[in-house]
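Q: just a sequence and a predicted model for now, questions to come.
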Amino acid sequence: METHVLLLQIAAILVTARVFAEIAARLNSPRVIGELCAGIVLGPSLLGWITPNEPIKLLAEIGIILLLFEVGLETDLGRLVQAGQRALVLAIVGFVVPFLLGFGICYYTFEQPMLVSLFIGGTLTATSIGVTVRILTDLGRQTSREGQIVLGAAVVDDVLGVILLAILYDFSVNGTVGLTNATTITVYVSIFFVLAPIAAKLLSVAIHHFHQISQSPGIIPITLVALVLSFAALAHMIGAPELLGGFVAGIALSRRFFLPLGLTLRIDPEFNQKVHGQMKPIIQLFTPIFFVMVGLSMDLSAIDWSSVFFWVFSLVLAFVAITGKLFAGLLVRENHYARVALGMAMVPRGEVGLIFAELGRVSGIFNNEVYAALVIVIAYTTLLSPFWIKLYYRLYGRHFAMDDDDQSKGSSNM
């Protein structure tokens, strides 16, 4: 691709994402819907001006890494730990139920081959942490109690997804299930989650020191972006999703992160304010590229809309994809309104589902009809989730406000 074409594509993505996000906001809809629709309009589904390419994919990857860094900055680690048991229940049940239902229906009802059914079940386990976090952010719920539970569950879900992907890939290549790769990834990710935040916290002290003595502007965003990208690269090297590197870096640099064994490194509040203030424009620049990329990846024009198999198959899978996550939410120990909200927030598949589907297509496991059905299921869950989640909070938001008030009072009395 010629340089000027790529530059024009990036410019079109940024401007179109902003215009569509503004339209969505004026229509009282989440901004992420506008950004996803911008990708659908620009991509092969409609105008066909832009197709996913490696440079844009890289910029999108940086966008989601920085978004998760921002989420980590605003995360109360204490509340995230408190949500641990609930998050685990939400993640594990929301992972296992769609996988088993998806596999069983495909294998026994639609009589798909074993490997195809396993990959479809794996695709249905996904939760897009990027889409989910952005929806909650648009609603101002990212730091709420249910927001912390969903965040913890989505992180666990991502790790489980990577392990399952490694197992299915081994199965597709060797015809047998090998647990070596899965075990290695699990160990590496566990070590990473323990050591990386400590290392990031120590490095933040050095960044703070150089900020105080530096004679040149911009040292905070330059060093922090380098730190976040380095942690993302390290996460990728051990087999974890890159975005988890950004998340743990943000957690470590938040005001509420304390090192173990009683060692606490305090950084003055003014520095924390500068971190937030100087990083936000960079995050706002890159993040929309990611959501446009999700829209670009959905080629809705390639779907045979007249196929009976396509409609039956996709609607059944969509039912499994939605009810599996809702069922997981109902098992969490919260009030009824929070349980439903938790399940709904885990529904969007987004880029994570597309990764599974694309691997199945490239490996020759999925034929065109099966792949198209999965893409439309991912589109259902990704594009419609912001609408029904926002409607739900509009109808029942007062119950969550009461719970948040009770929690804040409890925290102040401790």
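A: Received, thanks. Numbering: from 1, shown residues only.

Q: distance of residue 339 relative to residue 86?
A: Using Cβ to Cβ, to the nearest Å, one obtains 10 Å as the distance from residue 339 to residue 86. To be clear about C-beta, it is placed using only N, CA and C from the backbone, and glycine gets the same treatment.

Q: who's more crowded, those two?
A: The neighbour comparison of residue 339 against residue 86 (other Cβ atoms under 10 Å) goes to residue 86, with 24 against 21.

Q: what is the subsequent helix or strand relative to the helix or strand harbouring that one?
A: According to DSSP states H and E, residue 86 maps onto helix 84-104. Counting by DSSP H and E, the next helix or strand C-terminal to helix 84-104 is helix 114-124.

Q: looking at it, residue 343 is touching residue 336, isn't it?
A: No. Counting by Cβ atoms under 8 Å, residue 343 stays clear of residue 336, with 11.2 Å between them.

Q: just want to know which of the two has more residues nearby.
A: Between residue 343 and residue 336, counted using other Cβ under 10 Å, the more crowded position is residue 343 (24 against 10).

Q: sorry, back to before: okay, the angle between the helix holding residue 86 and helix 114-124?
A: Here helix 84-104 runs at 150 degrees with respect to helix 114-124, directions being taken by axes from the mean of the first three to the mean of the last three Cα atoms, to 10 degrees.

Q: with just CA atoms, put helix 84-104 into PDB.
A: Extracted in PDB, the C-alpha atoms of helix 84-104 (Å, rounded to 0.1, in the frame of the first residue of the first chain):
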ATOM      1  CA  GLY A  84     -12.800 -11.600  43.100                       C
ATOM      2  CA  GLN A  85     -15.100 -14.400  44.000                       C
ATOM      3  CA  ARG A  86     -18.100 -12.900  42.100                       C
ATOM      4  CA  ALA A  87     -15.900 -12.100  39.100                       C
ATOM      5  CA  LEU A  88     -14.600 -15.700  39.100                       C
ATOM      6  CA  VAL A  89     -18.200 -17.100  39.200                       C
ATOM      7  CA  LEU A  90     -19.300 -14.700  36.400                       C
ATOM      8  CA  ALA A  91     -16.200 -15.600  34.300                       C
ATOM      9  CA  ILE A  92     -16.100 -19.300  34.700                       C
ATOM     10  CA  VAL A  93     -19.800 -20.000  34.300                       C
ATOM     11  CA  GLY A  94     -20.000 -17.500  31.400                       C
ATOM     12  CA  PHE A  95     -17.200 -19.400  29.800                       C
ATOM     13  CA  VAL A  96     -18.300 -23.000  30.400                       C
ATOM     14  CA  VAL A  97     -22.000 -22.700  29.700                       C
ATOM     15  CA  PRO A  98     -21.800 -21.100  26.200                       C
ATOM     16  CA  PHE A  99     -18.900 -23.500  25.300                       C
ATOM     17  CA  LEU A 100     -20.900 -26.600  26.200                       C
ATOM     18  CA  LEU A 101     -24.200 -25.400  24.800                       C
ATOM     19  CA  GLY A 102     -22.500 -24.200  21.600                       C
ATOM     20  CA  PHE A 103     -20.600 -27.400  21.100                       C
ATOM     21  CA  GLY A 104     -23.600 -29.700  22.000                       C
END
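
Q: overlap in contacts of residue 339 and residue 86?
A: By Cβ atoms under 8 Å, 6 or more residues apart in numbering, residue 339 and residue 86 have these common neighbours: residue 332.

Q: and residue 83, backbone torsions?
A: phi -80, psi 0 (degrees, to the nearest 10).

Q: what residues of stretch 366-376 count as buried?
A: By neighbour count on 16 or more other Cβ atoms under 10 Å, the buried set for stretch 366-376 is 366, 370-376.

Q: other residues contacting it?
A: 112, 116, 119-120, 123, 298-300, 302-304, 307, 309-310, 313-314, 317-318, 353-354, 357, 360-361.

Q: how about 6 Å then?
A: Outside stretch 366-376, the residues that touch it by Cβ atoms under 6 Å, 6 or more residues apart in numbering are 123, 298, 303, 310, 313-314, 357, 360-361.

Q: if we can go back for a sec, tell me what the helix holding residue 86 is packed against?
A: helix 114-124, helix 145-174, helix 308-330 (3 or more Cβ pairs under 6 Å, 6 or more residues apart in numbering; DSSP states H and E).

Q: chain center to that helix, what's the gap?
A: Centroid displacement of helix 84-104 relative to its chain, using Cα atoms, centre = their mean, to the nearest Å, is 16 Å.

Q: now that helix against helix 308-330, angle please.
A: Counting by the same axes, to 10 degrees, helix 84-104 lies at 160 degrees to helix 308-330.

Q: where in the stretch 101-250 of the chain is pLDDT low?
A: Residues of the stretch 101-250 of the chain that meet the criterion pLDDT under 70 lie in 170, 172-182, 240-241.
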